[in-house]
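the sequence and its predicted three-dimensional model are supplied below.
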Amino acid sequence: MKETAGTPVQVTGTVLTTRRVDAYHALTVVAPGIAERFRPGHFVSVAVGGPHTAMPTRRAFSVHDVKPDYGGTVELVFAVRGRGTSWLAERKARDSLDLVGPLGRPFPVPRDPCACVLVGGEYGSASLFALADTLQQRGCRVDFVLGAASADRVFGALRARRMGETTTLTTEDGSLGLRGRVTDALPAVIADARADVVYACGPMAMLRGVSAVAVEFDIPVQVSVEESMACGYGVCMTCVLPVIGDDGVTRMVRSCVEGPVFRGERVRFEDIGTIPFDALGAPGGRAQEGGAHTRNVS
């Protein structure tokens, strides 16, 4: 089958650079096959632990940046949360990594110029900069709202200030920007920018709040969800979450295939981690339809 843009490939990439960015790690990997197929919102899965590892599952990472250097590089930004990311943080230049990508459904972008507000929480902000580049190339206005618990966990503040029409920063402890959360500042930014659409990436609680604000303003919201993904291509079913389809029916869909980008108002955030009783195929719910869990959820 002919490979096209977005078709995932498995590559052995070479680590080009590693760096610390406050509380996070940034890893740039030479991965030409992935870089040339990448679209904003795609992610990659990385094998961790080395050839003799006892960690069989991959780790999923959003892509911060893609450049044409050395035939194509991708930069991943992550926090150390466990053994897998701890191993990844120890990689050095010229080490090899097994990557699969690009994976998932990327951010949809408007056909015509419009005003876009990009909201990022913690290192979730990393995936928004490639999107901002694409939007600005289409003549769109871009405003940023970035936040985290503390200043060292706000990712990309300087780059956002260079790129955005405006940039609003929030921290829960008041160490950078406004004291509070991104949802506290978001209504004013939407109103001042006369925003047509909101894009967001970050923790689930933040995405839930951002979606609620966008609904209040009656504008569309696209969210990139953060769910644990053991495989990254739809087999293991560990990343399922309840999403309402065009027909009003809730389906348990895979974040790694039907997502990670969804319409925020369609995600049942309050039911994540459960199977709602009214979901298609749930006990006491609607009867299962053949292949229905993959349809009409975008």
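Noted; the coordinates are in hand.

grab the nearest non-local neighbour of A130.
Using CB to CB, 6 or more residues apart in numbering and skipping the chain neighbours, the partner closest in space to A130 is P40 (4.2 Å). Quick note: C-beta positions are derived from backbone N, CA and C, even for glycine.

how many neighbouring residues does that neighbour have?
The tally of other residues near P40 (other CB atoms under 10 Å) stands at 23.

pretty sure it is in a strand, no?
No: counting by DSSP: H, G, I helix; E, B strand; the rest coil, P40 is not found in a strand; it is coil.

how much space between it and A89?
25 Å (CB to CB, to the nearest Å).

which residues sit in contact with A195?
By CB atoms under 8 Å, 6 or more residues apart in numbering, the residues touching A195 are 115-117, 143, 189, 217, 219.

mark which of those residues are buried, thanks.
115-117, 143, 189, 219 (16 or more other CB atoms under 10 Å).

tally of neighbours for A279?
24.

now E258: how far from M252?
10 Å.

would you mind telling me which of these two has more residues around it?
E258 (23 against 18).

surely that one meets V243?
Yes: E258 is within contact range of V243, at 7.3 Å (criterion: CB atoms under 8 Å).

low pLDDT regions in this protein?
Scanning the chain for pLDDT under 70 picks out 1-6, 284-298.

let's see 90
1-7, 49-58, 69, 226-239, 273, 281-298 (pLDDT under 90).

quick one: the strand of greatest length in it to chain centroid distance?
Longest strand in the chain, counting residues (DSSP state E): strand 9-21. Remark: strand 9-21 is offset 19 Å from the chain centroid, using CA atoms, centre = their mean, to the nearest Å.

report all helices and strands that that strand contacts.
strand 24-30, helix 32-35, strand 73-78, strand 96-103 (3 or more CB pairs under 8 Å, 6 or more residues apart in numbering; DSSP states H and E).

returning to that earlier point: could I get the contacts of A195 as CSV with secondary structure and distance to V30?
Shown next, in CSV, are these (DSSP: H, G, I helix; E, B strand; the rest coil; distance: CB to CB, whole Å):
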residue, secondary structure, distance to V30
A115, strand, 36
C116, strand, 31
V117, strand, 34
D143, strand, 33
V189, helix, 37
F217, coil, 42
I219, coil, 39
